[in-house]
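[1] structure for this input, please:
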Amino acid sequence: MNNIELIKQIVKRLKKFSWLIVIIAVLFGGLFYFIAKQSVMVFTSKSTVFPLNSSSDNSVSSSAISNILGLSDAPKSFSGEASINIVELATSRRTREAVANERVPSLKNKTIAELLLEEHNKHTGFMQNEAIDIKKLDSSDIINVASSMLKGGFTAKINKNGILELYYSNSNTDIVKKVSYVFIDKISEFYIDLKKKKAQIDYEFAVKKADSLFNVLTALDKRAIQLDETTFFTNTELKRFNIPKINLDQDKSTVQSQYYYAVNNREAAAYKLQKETPIIEPLDKPEGPYEAASKSTNMYAIIGLLLGVFIGIILVSWKIISNYLGDELNKAIEKAAKPKAEPQPEVAKV
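    The predicted structure follows:
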């Protein structure tokens, strides 16, 4: 059988069993259409966040974006100059768990974790989510499961202009809105807390130092008053009365000088604390309409039909193709097994 005969037999068989190919194509098209129908429409919100730092220094303000977003050239971890990568903070487990544990008064005061699990269980079945039994989970397990769900639906990135972009996807528009706003609030809260922690420690130390020195000054004043009252009718020229007053005046002068510098340090620490506390404001709020996405039923049906036609053609013509391949293989084996003729010796010419 040559190639032309093979093609003729395949075409003849395809015409004979064309009804079978149509049935297979329709079955696959219907299956893919059903799979697409089972998919859940997902809504995605987008919000942009920008830091507003209080700084009068032009050099500082020009590098405010790169500093707050952790885009400095050299890593400076565990140092006073280290910057915080806000993308890592936004996608961290700490932030996700804080979001999952937040209650939403407008949605029956349920936590976001409970809302996510309830929404998850609304879409269970064939080619959908696997049901989660909330009753068997304790509070910590619910938070962990919800945190994993948030990880799959939340994305944070920095665009080319240095603006933080937040995306969140879910099948419920109310959950999309509330979760997006809570993410912005938690990211701002955690970032500000981390940013000002060192400045807060310095400020508290400066306040305690100034208060301590003020208490020492108060105690020295009381000793001076007591010394005056006890030496009212005494001769102040005597050393046993004069030296304690001189020493007391020297101590008070020293403490007053320290207190002066401590007050200045306290005011400087307060200014630094205010300077290190950024204000994070959303430029684009996560309000609707949201971007909706779902599997296209028409596209899936067309793909199913084409796949069904291809499988139907293979099944119908497989017998002819297998016979042809078998014949060709046998011919090759026979040709390889046939002994070659030995060359005849040449007769020398006289």
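[2] domain-wise, how is this protein divided?
    40-195+280-297, 203-272 (automatic domain parsing).
[3] just the terminal-to-terminal distance for the longest one.
    In this case it means domain 40-195+280-297. Length of domain 40-195+280-297, first residue to last, CA to CA, to the nearest Å: 12 Å.
[4] thinking again about what came up before, for residue 310, find the nearest of the domains of the chain.
    domain 40-195+280-297 (20.3 Å; CB to CB). (C-beta placed from N, C-alpha, C; glycine too.)
[5] report the central residue of this protein.
    Central residue check for the chain by CA atoms, centre = their mean: the C-alpha nearest the mean position is that of residue 91, 2.4 Å away.
[6] and stretch 125-140, end to end?
    26 Å.
[7] list the buried ones in it?
    Within stretch 125-140, the residues scored as buried using 16 or more other CB atoms under 10 Å are residue 132.
[8] phi, psi of residue 164?
    Residue 164 has phi and psi values of phi -80, psi 120 when expressed as degrees, to the nearest 10.
[9] show me what contacts the closest residue to it other than its chain neighbours?
    Nearest non-adjacent residue to residue 164, counting by CB to CB, 6 or more residues apart in numbering: residue 49, 4.4 Å away. Contact analysis of residue 49 by CB atoms under 8 Å, 6 or more residues apart in numbering lists 163-166, 184, 187-188, 280-283.
[10] now stretch 146-165: buried residues?
    By neighbour count with 16+ other CB under 10 Å, stretch 146-165 contains the buried residues 146-147, 149-150, 153-156, 158, 163-165.
[11] what does stretch 159-167 contact?
    Everything outside stretch 159-167 that qualifies as a contact, by CB under 8 Å, 6+ apart, is 44-50, 65-66, 69, 71, 86-87, 90, 154-158, 180, 183-184, 187, 283, 286.
[12] mind checking which of the contacts of residue 49 are buried?
    Buried by 16+ other CB under 10 Å: 163-166, 184, 187-188, 280, 282, out of the contacts of residue 49.
[13] just the ones of those in strands?
    164-166, 280, 282 (DSSP state E).
[14] any chance of the residues you listed in JSON lines, plus pLDDT and distance to residue 134?
    Below are those laid out as JSON lines (pLDDT from 0 to 100; distance: CB to CB, whole Å):
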{"residue": "164", "pLDDT": "87", "distance to residue 134": "33"}
{"residue": "165", "pLDDT": "90", "distance to residue 134": "33"}
{"residue": "166", "pLDDT": "92", "distance to residue 134": "27"}
{"residue": "280", "pLDDT": "74", "distance to residue 134": "34"}
{"residue": "282", "pLDDT": "82", "distance to residue 134": "32"}
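[15] what does stretch 307-324 rub up against?
    1, 6, 9-10, 13-14, 17, 20-29, 32.
[16] quick one: pLDDT of residue 114?
    On the pLDDT scale, residue 114 is placed at 92.
[17] begin at 762, not 1, for the rest of this chat.
    Happy to do that; since the first residue is 762 now, the last one works out to residue 875.
[18] check which helix or strand residue 943 maps to.
    helix 934-991 (DSSP states H and E).
[19] against which helices or strands is that helix packed?
    With contacts defined as 3 or more CB pairs under 8 Å, 6 or more residues apart in numbering; DSSP states H and E, the packing partners of helix 934-991 are strand 803-813, helix 847-851, helix 854-861, helix 873-882, strand 925-931, helix 1000-1036, strand 1040-1045.
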